[in-house]
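[1] dropping the sequence and predicted coords here.
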Amino acid sequence: MSLPLHIIILAAGDGTRMKSDLPKVLHPVGGLSMLAHVFNTAARLDAAQVHIVYNPEHEALPGTLDHPDINWVAQHERLGTGHAVQQAMPELPEDCRVLVLYGDLPLLRPGSLEGLLGLPDTALGVLTMEMLQPRGYGRIIRGDDSTVSAIVEEKDASERQRAITEVNTGIIIAAATRLRAWLETLRNDNAQGEYYLTDVVAAARADGTVIEGVMAGEPGDFAGANDRAQLAQLEARLRQRRADELMQKGVRLADPARIEIRGAVEPGRDVFIDINVVLEGNVILGDGTTIGPGCVLRDCQLAPGTRVHAYSVLEGVRTHGACDIGPFARVRPGTELGAASRVGNFVEIKNTSLGEGSKASHLSYLGDSNIGRNVNIGAGTITCNYDGVNKHRTEIGDGVFIGSDTQLVAPVKIGDGANIGAGSTITKDAPKDKLTLSRSKQVTIDGWKRPRKVTRDK
């Protein structure tokens, strides 16, 4: 039986080439920091604990991941990858395996680590990858028995060694007792004056440990970012990966290169998503839903047949049947939309339930409201829900007609079947099945003349 797994994530790099006050590992890719992506991968590997080595000058960094299984380890001096792992080793038990990951590899997936995790506890496992243009990477040198005999950095490699296309990812796995011993042999007599983790390979070779090189299947999983251009490349790769995953689930994308998926998307059958759509958080799209161009959906659950028209923004929205939303609608958290309801152009809704068959077709604000079935909300209607201190609710019954340019001053109730005359300001409850209106008297001024512009001599 394998030893318990502990994972060390190295995340102390400053990323000076990013030219940013933000630590390198906190730069976002696909809506999450690079470090969050790596931790999410680590969390799926059934580890006893995850240890993250960080630069304590970035005091806020530990607060970016709130999880009980993280042990934050400060690296007060940045003296290389080997030194960083040394800082975490006192926190690990004797009888465990150690997997070393890097906080700036956001595309890393658990499947790429399966071969490494399957090695015997007695071996040192080195994860490698094939690169046709391996510039800048350490080359993997294998012996006659196909085990790894050395890792040669490019600057130290011969011309023959530089032609090798199998390179080091930097990810290793080993028993903690052996790794501790190898780390003690590290020296910093190099141009950078740093302790390199890759040097444990030579130490392991010296004591007769078998060094297994496991070739990863997808080199793109190990792409990192040292500057803004490389960060954009990571974003593009993740975008393509997530688009491919959606299409494999049957989603039709107008253009896979023009969709941003920054969370988890659960699609039904025959979903269509137009260009320049952004999906964030947890999004559920029922069968046959259609999302128009330029829309943003965050933490939404859309029932089958729902149509979201162009340039609408939805957050925390749940539909309970086929609905019609937009274009240019803003639907905010706490909104529940009944079947066959409609939220039209330039309508904003917040913390409101809109009943089955009800419609707010254009130019209205509905906040903190309960709206019944088959209600018609005229253009320019406003629920005045905020008194400057507290929010109040508006209750609208079934079959109500609200005329255009109406202000409903909450708290207020509109009874079933009531009609509210256009241009009214309603401050008291309106009885059911009656017409209620509030208007000032219309007058015409006799003898009035339109003002004329006064001209002055120059």
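    Yes, it's here.

[2] so what strands line up beside the helix or strand bottoming out on mean pLDDT in the chain?
    Across the helices and strands of the chain, the lowest-confidence element by mean pLDDT, DSSP states H and E is strand 148-152, at a mean of 88. With DSSP bridges as the test, strand 148-152 is paired with strand 139-142 (antiparallel).

[3] thinking again about what came up before, and the next helix or strand past the least confident helix or strand of the chain?
    Sequence order places helix 159-162 as the next helix or strand after strand 148-152, per DSSP states H and E.

[4] counting contacts, what elements does that next one pack onto?
    Judged by 3 or more Cβ pairs under 8 Å, 6 or more residues apart in numbering; DSSP states H and E, helix 159-162 is in contact with strand 139-142. All C-beta atoms are positioned from the backbone trio N, CA, C, and that covers glycine.

[5] what residues of the strand it packs on count as buried?
    For strand 139-142, the neighbour count (16 or more other Cβ atoms under 10 Å) marks 139-141 as buried.

[6] likewise stretch 187-195?
    Residues 194-195 are the ones in stretch 187-195 that count as buried (16+ other Cβ under 10 Å).

[7] what's the answer for stretch 154-169, then?
    In stretch 154-169, counting by 16+ other Cβ under 10 Å, buried: 161, 164, 166-169.

[8] cool, stretch 100-119 as well?
    100-109, 112-113, 115-117, 119.

[9] endpoints of that stretch, how far apart?
    Stretch 100-119 has an end-to-end distance of 15 Å (criterion: Cα to Cα, to the nearest Å).

[10] mean confidence score for it?
    Averaging pLDDT along stretch 100-119 gives 94.

[11] cool, stretch 124-139 as well?
    90.

[12] next one: stretch 70-89
    Mean predicted lDDT for stretch 70-89 stands at 94.

[13] who touches that stretch?
    Contacts of stretch 70-89 from elsewhere in the structure, counted by Cβ atoms under 8 Å, 6 or more residues apart in numbering, are 8, 10, 12-14, 39, 49-56, 62, 91, 98, 100, 170, 176, 179-180, 183, 186, 188, 192-200.

[14] can you give me the buried ones in stretch 316-336?
    Under the neighbour-count criterion of 16+ other Cβ under 10 Å, stretch 316-336 has 316-327, 329-332, 334-336 buried.

[15] rewinding a little: off-centre distance for the least confident helix or strand of the chain?
    Chain-centre distance of strand 148-152: 38 Å, with Cα atoms, centre = their mean, to the nearest Å.

[16] from here on, count from 451
    In the new count, where the first residue is 451, that last one comes out as strand 598-602.

[17] quick one: buried residues of it?
    598-602.

[18] check stretch 647-656 too.
    Those would be 647-651, 653-655, for stretch 647-656 by 16+ other Cβ under 10 Å.

[19] okay, and which of those map to helices?
    650-651, 653-655 (DSSP state H).

[20] tell me the one of those residues nearest Ala686?
    Val651 (33.1 Å; Cβ to Cβ).

[21] burial count for the closest residue to Phe489 other than its chain neighbours?
    Closest residue to Phe489 apart from its sequence neighbours, by Cβ to Cβ, 6 or more residues apart in numbering: Leu515 at 5.7 Å. Counted with other Cβ atoms under 10 Å, the neighbours of Leu515 add up to 17.

[22] now Leu515: how far from Ala679?
    26 Å (Cβ to Cβ, to the nearest Å).
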